[in-house]
Every structure is written in C-alpha cells, then in structure tokens.
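could you look at this predicted model? Sequence included:
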Amino acid sequence: MSTTVIIPTPAKAPARPLLPRLLPYLLSLPALIVCIGILVPFFTAAWYSLQRYNLAMPLNREFVWFGQYLDMLTDPDFWATVRVSAVYAASTVGLELLLGLGIALLLRERTRFNNIVSVALLLPLMTAPAIASLMWKLMTNPNFGVLSWLVALFGVHDFRWASAPSSAMFTVVLVDIWVYTPFMMVLLLAGLRSLPQQPFEAARLDGVAGHFVFFRITLPMLAPYIVTATLFRMLDSMQQFDIVYAMTQGGPGDSLMLFQVRAYLDFFQYTNVGTSAALMIVLWALTYALSNVFIKQWLKLRERTHGAA
Amino acid sequence: MALHKLLRAAALTLVLLFFLFPIFWIVVMSFQTNEEILRLPPSLVFAPTLANYTALISGHLQTASGILDITFLHNLWNSILLSTCSVLLALVLGVPAAYAFARFRFRLGEDIAFTMLSFRFAPPLLVLLPLSLYFQDLGLNDTYIGLIWIYQLICLPLILWIVRGYFEDASPDIEYAYRIDGHSWWRAFTRIAIPLAGPGIAAAGLLSFIFAWNNFVFALILASADKQPVTVGALAFVTASGIQYGQIAAAIVLSILPTLALALYAQRWLVEGLSLGAVKG
Amino acid sequence: MTGLKVAAIHARFGRHEVLRGVDLAVAPGETLVLFGPSGAGKTVLLRAIAGLEPGALGQVVIDGQDVSARGPEARNIGMAFQNFALYPHMSARDNIASPLVARGLQADEIAARVAEIAKLLRIGHVLSHPPRALSNGQKQRTALARALVGRPRVLLLDDPLRNVDAKLRYEMRLELPRLLRESQAATLYVTQDYREAMALGDRVAVLRAGRIEQCDASETVYDRPATAAVARLFGDPPVNLLACRPVADPAGLRAEAAGFRLVLDASAEAAGQECLLGLRPETLSLAAAGPDAARLEVIATTPLHERLVVLLRAGDGTEIVASLLGAAPPPGAQVAVAADAAAALLFDAASGARIPARRVMAGKAA
C-alpha cells in the first residue's frame, strides 16, 4: 500500500484555459479604471499642496516643499478652522448619538406603530442636506420664520439664528441633528433588534433593575453598533460642507469655517490652489486615520451579518 | 406604569414633532401666497393655491422687481438625468466587480473594494479641486459625462459592497450546478447569479439613486447653471433676490419629493444601504 | 477505455494540501463509493473532477478523452450536491430540464424526458412547484433527476442522502443501486456512512488526508482493511483497537490484550513487535468463562437496530465496545466475552498497516 507520491511541478500540469483565470480581473477592470481615475486627482492635490500656487498669479508658482504646512502651524485662521471643525463634529455626533440611542430604545419593540414611526423618522435623512439647510433657513427667517416667531413667543426677541456669530454654530448643529439623528437611530435600532433575547429574559426573570439591564447588558452588547455608527458619523461630520455652505457660506465672519468650507473659499474666492490643497491634505490625513479604525469595526459587523465573509 | 407610558408618549410626540414639522411646514408654505406667508402669527387656516407650482413649472417667477425666468424644471430634469445615468453606470461597472470580489479570492479584488470604500470617507473636495482644473483640460468641465463619472464616488462603493454581500450570501453551488448542466459561465452569471442577487441589486440601485440625487458639492464645483441638479439650483433660488417665499418652498418640495417617495418605497433596505451593507435591517 | 479515470489529482488551498495525488478508475455502470472522514477532501475531489476547482492539478479522462482543460459545462457530467443546489427561482420542472435546455433540445423532447425521469423518481406531481415548496425528499429527488436527465457519462453524487430523514434515506438506499446501474454512468458516490457505502458501492475507495488509502470491494474493505485507520472509519460502532505484542505460535501468532487471548492466522514476521489487535464489536459475544474469554465489567448498554451495543471495561481499564445479540446484562455485571479469532485483525502499531494472513504469504506470490 506504500505508494510513492510524485508531486508534479506546475509546468507539467495541463494548460488551463486562460479565460477562467483572467475572469476576475476582467470583471473588476472597469471598477479599477474608475479607481485610478480618482486616484490621479488625489495625487495631484498632494502635489499642489507642496507648491505656492495661486491661479491669479501663475508666475509666482514655485515648489516650497512643506512650507505651506509649516505656515499653517502659525496661522490663526488654520487653528480657528481646527477649533470650529472640532466643536462642530463633537457636538453633532455627541448629541445625535444620545438622541438616536434614546429614540431607538423608545421604538425597540417590533410593533406596527413603532415601525411606522421609525420609517417616518427617516424622512429628514433622505432630504438632501443642502436642501434641509434651505428649509431651516426659511423657518428661521427673521420676518416670517415660524421658528423665529416661536422663540419670540417665549420672550427671546431678536434671536438671529445663523446670521449672528453667537448663534450660527447652534443653528447649523441643529440642522445637522435634524438630518443625521435618524441615521444613528436606524442603525442602533437595527442593532437593538438583532441582539439575542436570552440575556434580557434571564434578567427579567431575576428581577434585575432597569438601569442595571441598560448599563450592564444593553450597552455592552450594542457597543459594536454604537462604535460603528459613531465613527461613521464622525467621518462625515468632520467633512461637513453642504449644510454650512447652503446656510451661511462659512459666515458670519469666519464663525463656521469648517475644513472643506475654508478650502472651497480659498480655492474659488482667493484662487489659492496651494493652500487649499494643503488644507485638504490635512483633513484627508485626519479622516484616513479615523477611517482605518472605522473599517475594522465595519468589517466586524459585516462578518456578523454575512456569516464568515 | 401609567406614568412610564405617559412619558414615553410625550417623548415620542416631541421626537415626531421635531423631525416631521419642518417638512410639514415647507409643504404648507408651498401652497400659500406671499402675503399669507408673511402674516404673523402663522396660521394653518388659508386658501391653498397652486400658483407657486404653476409659476415654477412655467419658469416665469414673479419677483418684487418683475418677472424672472428661472427654469427650475430644467434642474429637476438634470437631477433625474444625472442620478439615473450615474446609477446605471455604477450598476454596469459595479455588479460584475462585486461578483468577482464575492466569488474569486484575488488580491486585486480586495484592494479595489477597500480603495472604493476609503473613497467614500475621503473629503470630496480633495479630489474635486484638482478635478475642476483637469476637467477644463479634458473638455469634461460642465458636461454630463464628467459629472456622471465623478458621481461614481457615491454610487460605486454602495453598489460594490451591498451587491457583494448578496452574492456572498448565495451558495456558489447553485451556479456550479448550472455550469455542470452545460451552460456557459456567462449564462450562469446572467441566469443564476444576477437573479438571485436581484433584491440586493435593486436596493443598491435605489439607494445610490437617492444619494446621487441628494449630492450637492460635486455639481456645485463642476457644473454651470444649465447642468445643475436641484440641490444646487435651489440654492441659486434663495440667493436670487426677491423671489417669493412660496415659490422657494414649492421648489424645495419638488426637490425632496422624489427621494422621500423612493425612501418610503425602499425603506426595507435603507439600513443596509446606510451602513454600506454592514448591517441588515 | 470508457468510464472515468482520474490521475494524480492534487489540490491545495494556500498552504494546506487537500488532495495529494489521487488516482481512480470507474467503469460505466459501476458505482465507486468515495468514503472518508469529513475534511478528507471528498468534496474537493468531486469538484476537481467536475472542473470547479481551478487550482486543482492532474488529469481527468472521461470515455477516453482528456477533459482536464475543459470547463465544467463541457465535461458531460451530472452532479448532485449535498445541499441540493436547486435553482430557487425556477420550478422543479425547469430545474430538471436545465441540462437538456443547455444541449438545445426541442421543447417536446425536453418535456418527454423530464416526464420520464420524474415518473421514475416519483416526483411527477410536484414538477410545477418551486424548490421552496418541496419537502427535503422531493428536493433531493429533483436534484437527482437533474443530474440523471442528461444521461451523463459520469455521475458525481456528493453525499446526496445526508440532508434527508432516516426513512427516506433507507428507501433511497434500496432504490439508488438500480437507478445508477440503469444510467450506465460511471458513478462516484460520496458518503461518510459506512452502511450506505456497503449498500451502494460496487467498490469503496477510502480517502484519508488527501490520499486513497484503500480501494476494494466493500466486503474486502470491511474484512481486510488496509490500515488501522481504515478499520476504524469503516464500521459502526468502530472497531476496538487494543495494543499487544504477539508471540509466535504454530498456528500463526498468539496475541493477548485486555484479557482476550487469541491465536491469529497472521504472518509470523510481526512476532514480538508492537501491534494493534482489531476486534470488531459485532465479532464479540458472551461466552462461558474460560482461559480465552475476557472478563469484563458492563458499564452501559444502548440498543442499535436489532443488536445491543455494550460498553465494557477490562481489569486494566481498557474500554471495549461489543455489539451483542440477545438479552442485555445489567450495568455493573461481570461477563465473559469471547472474540472470533478468524475475524480478528492485526495491525502494525508503527505504520498502521494490516499484518496479512499466513495463507496468503505461504501461497503463490502475487
């Protein structure tokens, strides 16, 4: 029964037809071309960021290595952008998480009524953020806005919403919350409803107190969903443009100069390609780091829903 | 227990009020005349008028300083054209690629899939600013083709990752059985794989349509007035001085109506789409 | 030659070698059972033969034609999958018709052949149903009908009875041999169940760790397993393997283990070597106490079909399984158990190979 095993070298193997082996590459080639098409401008942006380059002064264009990045470190406008972006991202994501989690808990039972409510709550999320900004702009109009009228009823006269530096941030954060809280809600609701029921039943049988169940059972089991949804929103919120641009174009003053808004204005108003590109590269580096964390979390959740992927 | 229920009802009422009132109010405004809108306190008792909509559809808008010609319907048409074509292109590009990623383990596949995913989270302006210069050189500036191509940034990751999940969930044995029956690879792909992933492809298509429709920044940078979709067009409306508020509201209603209707229709798949296929609803 | 012949099939997934050189030949109308533990590579081998493993190396010859370079659609194979792999969006009729549609047959001929095979498999009444409306048994028959309807030269059946209930499995074991013989295809039948292998296979090939360890008539595999591993796999309850060091005896070898004392008709070369004594549970029986019977304590009993499986323990702690006919001794009882020396197996402990009988060695050298 002792047979000598001859392992044939691949060269001896009968030639397999080429097509089946090339198939996966052929199928993904079009997507690859689109990928490359998008990578080219990305590298161009990185290249511009190393140059002093203003469209209005083409003769002054020169290669300055990391000069613009160094200039940024001492530029108060840059730090204002960092601060405004951080405040915006932290307040929107934080409030949306709390609100979204609260609403998801309210709608947790799979009743017909709850399902209708959760679908209705998705409508703001399906509104284009730029259009949502316009809706709130109409509602906060000082002359006829229903919200301006409402706050006046409560004795707050002359509340100027997005047109005053002191309340502009509040206003755009409010719009962001209106648009994106449903995102948190719907992801956390899906998470809550997918949790195994046994721990909750066991806790009920044991008569465990409600807040204990929430902090010791619900929250830990929901954590992967919370982390994924939060990181997802954080990545979007750091890059917010539509809501702020449609509402105030970064004003009043530079009270709402988020990263992308400032880069947009640098480029189109001041034709300063170099500084605009450098600013975008900084934002990209921040989001890239965060998106790596996010993708790991996202993959874990994906594996859970698709079995071993 | 009763108190608990009461608190819950109160909380839900507040939540519904906050999230639905703005939409309700804009719809109400769109049926009001300028005088009714400007009247304080606001009232829900008024004679609804279609004047705002007829003005929008005819393209002649009454302003304080006379008649202004804004072809908002053209923006609406642009939105339909851009979103539809982008989704179709993304399906043609994305479905075969998603199939390749799901069925074959090859290095390039994972690389493309993750690059597309990371594009979804990269700041769009990073790509758009150099592109606005390139597009001028390539003659793509202010063309539908240029816009449809760049819209792939929104549509392709969504389609790749959702459809890939559906292909992965279907047993490859079913396709293998069909091949062994004597059918070519292509027939197995079109007669077995695609029909079985059909719901996923439909969901991904609907969702990417919604996201393409809602996009603002691509067209803001790369399109001039006659190629702009509603998101950018509506902004021009507000900034143009003296347009009647009712007409702005009507334009907003027309802009959000298609996506809201589609969302209600596709709500079963929204969770999956919003999480790029990571969570099922 | 006609039928199926495969030579030097190799397959690896990454670093893991799943198939390490498999050679097989199956004649038309013959059923070769591919038997082995899970993870042995049975399914991979079937898929390699069908052309579904692009990474597999080796040669596949069907009716004298080398099909190694052809796609699965051009090999004239019928295959039934473990999970049935029915097309969920087609009716049972369209599922069965698929191989005929692929050949471009006329609609009326397709209808006639589908009706014929459906009648044979007794699923004519559910042809219009989609797969989800079929019972597991009907699904399994539909999958078989689809594999058979094209009259393929080679049939690959991947554990087709695994996911059906016991009653249907029993019925199919009776029906399948005739069906397969009539199809005149060279059939490879994968199973993990040795009873199924005994019932269906003209021959049995035992696949273990990517190699064919033995390929013989099913009775031969049972009576004269090539190795201890094959003996352990092929039989239920599994064979008792007891360490022993046999000594030379005029009649062959004398082996003692766990209280059993047997004189075996085995080659004297193994005398004094570390060996494994293989006693099949069904060759043990209750006996009168004597010097050759082992005294064992009954630990537990459980009925299996008409027999009784008894777990016993020897004085030295060795556990022994016996499959007995007749009344059950109560747990805790001391019993005397005798082994049938003619049916006992002896294996070399180091290599696992069976030590052959003396007669064969003494007779004409093969």
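That came through fine.

contacting residues around the residue nearest in space to the middle of chain A?
In chain A, the C-alpha closest to the average C-alpha coordinate belongs to residue A:236, at a distance of 1.7 Å (Cα atoms, centre = their mean). By Cβ atoms under 8 Å, 6 or more residues apart in numbering or on different chains, residue A:236 lies in contact with residue A:180. C-beta coordinates here come from the backbone N, C-alpha and C atoms, glycine included.

over to the one 4 residues further on?
Neighbour list for residue A:240: A:88, A:89, A:92, A:176, A:258, A:260 [criterion: Cβ under 8 Å, 6+ apart].

distance check, it against chain C.
Between residue A:240 and chain C the distance is 44 Å, computed by Cβ to the nearest Cβ, to the nearest Å.

I'd guess that residue is in a strand, am I close?
No - Residue A:240 is assigned coil when assessed by DSSP: H, G, I helix; E, B strand; the rest coil, not a strand.

just the CA trace of whichever strand or helix holds residue C:167, in PDB.
With the criterion set as DSSP states H and E, the secondary-structure element containing residue C:167 is helix C:166-183. Extracted in PDB, the C-alpha atoms of helix C:166-183 (Å, rounded to 0.1, in the frame of the first residue of the first chain):
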ATOM      1  CA  ALA C 166     -33.800   8.400   8.100                       C
ATOM      2  CA  LYS C 167     -36.900   6.800   6.500                       C
ATOM      3  CA  LEU C 168     -36.200   8.300   3.100                       C
ATOM      4  CA  ARG C 169     -32.500   7.500   3.300                       C
ATOM      5  CA  TYR C 170     -33.500   3.900   3.900                       C
ATOM      6  CA  GLU C 171     -35.800   3.900   0.900                       C
ATOM      7  CA  MET C 172     -33.200   5.600  -1.400                       C
ATOM      8  CA  ARG C 173     -30.500   3.100  -0.400                       C
ATOM      9  CA  LEU C 174     -32.800   0.400  -1.800                       C
ATOM     10  CA  GLU C 175     -33.700   2.300  -5.000                       C
ATOM     11  CA  LEU C 176     -30.500   4.000  -5.900                       C
ATOM     12  CA  PRO C 177     -28.400   1.000  -6.900                       C
ATOM     13  CA  ARG C 178     -30.900   0.000  -9.700                       C
ATOM     14  CA  LEU C 179     -31.200   3.600 -10.800                       C
ATOM     15  CA  LEU C 180     -27.400   4.100 -11.000                       C
ATOM     16  CA  ARG C 181     -26.900   0.800 -12.800                       C
ATOM     17  CA  GLU C 182     -29.500   1.600 -15.400                       C
ATOM     18  CA  SER C 183     -28.000   5.100 -16.000                       C
END
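
ok, then the element right after that helix?
Toward the C-terminal end, the helix or strand that comes next after helix C:166-183 (DSSP H and E) is strand C:186-191.

quick one: the helix or strand that that next one is followed by to chain centroid distance?
On the C-terminal side of strand C:186-191, the nearest following helix or strand under DSSP H and E is helix C:194-200. What separates the centre of helix C:194-200 from the centre of its chain is 6 Å, taken as Cα atoms, centre = their mean, to the nearest Å.

pLDDT value on the residue nearest to residue A:247 when sequence neighbours are not counted, please?
Ranked by Cβ to Cβ, 6 or more residues apart in numbering or on different chains and with sequence neighbours excluded, the top spatial neighbour of residue A:247 is residue A:133, at 4.4 Å. The score at residue A:133 is 95. That number is its pLDDT.

how far away is the residue nearest to the centre of chain A from chain C?
From residue A:236 across to chain C, the span is 38 Å (Cβ to the nearest Cβ).

any idea which element that residue lies in?
Assignment of secondary structure by DSSP H and E places residue A:236 within helix A:219-238.

list the buried residues of that helix.
Under the neighbour-count criterion of 16 or more other Cβ atoms under 10 Å in any protein chain shown, helix A:219-238 has A:221-222, A:224-238 buried.

quick one on the thing from earlier: just checking, what packs against the helix holding residue C:167?
Contacts of helix C:166-183 with other secondary structure elements, assessed using 3 or more Cβ pairs under 8 Å, 6 or more residues apart in numbering or on different chains; DSSP states H and E, are made with strand C:31-35, helix C:136-149, helix C:194-200.

turn these into CSV, including distance to residue A:210.
Compiled in CSV, the helices and strands packed on helix C:166-183 are given as follows (distance: least, Cβ to Cβ, whole Å):
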stretch, distance to residue A:210
strand C:31-35, 58
helix C:136-149, 45
helix C:194-200, 56
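
can you tell me which of the ones you listed is most buried?
When the helices and strands packed on helix C:166-183 are scored by mean count of other Cβ atoms under 10 Å in any protein chain shown, the highest mean neighbour count falls to strand C:31-35 (a mean of 26).

what pairs with that strand, parallel or antiparallel?
Each strand that pairs with strand C:31-35, with its direction, by DSSP bridges: strand C:186-191 (parallel), strand C:203-208 (parallel).

is the helix or strand that that strand is followed by positioned near chain A?
Beyond strand C:31-35 in the direction of the C-terminus, DSSP H and E gives the next helix or strand as helix C:42-50. No - between helix C:42-50 and chain A, judged by Cβ under 8 Å from any Cβ of the partner chain, nothing touches; the nearest distance is 12.1 Å.

between the lengthiest helix in chain A and helix A:219-238, how many degrees?
In chain A, assigned by DSSP state H, the helix with the most residues is helix A:273-306. Here helix A:273-306 points in a direction 150 degrees away from that of helix A:219-238 (axes from the mean of the first three to the mean of the last three Cα atoms, to 10 degrees).

in the stretch 1-150 of chain B, which spans are strands?
Ranges of strands within the stretch 1-150 of chain B are B:60-63, B:66-69, based on DSSP state E, counting those that start in this stretch.

can you redo the ones you listed as TSV with distance to residue B:120, mean pLDDT and mean neighbour count?
Rendered in TSV, the data for the strands of the stretch 1-150 of chain B read as follows (distance: least, Cβ to Cβ, whole Å; pLDDT from 0 to 100; neighbours: other Cβ atoms under 10 Å in any protein chain shown):
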stretch	distance to residue B:120	mean pLDDT	mean neighbour count
strand B:60-63	37	73	16
strand B:66-69	38	72	11
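
cool, thanks, talk later.
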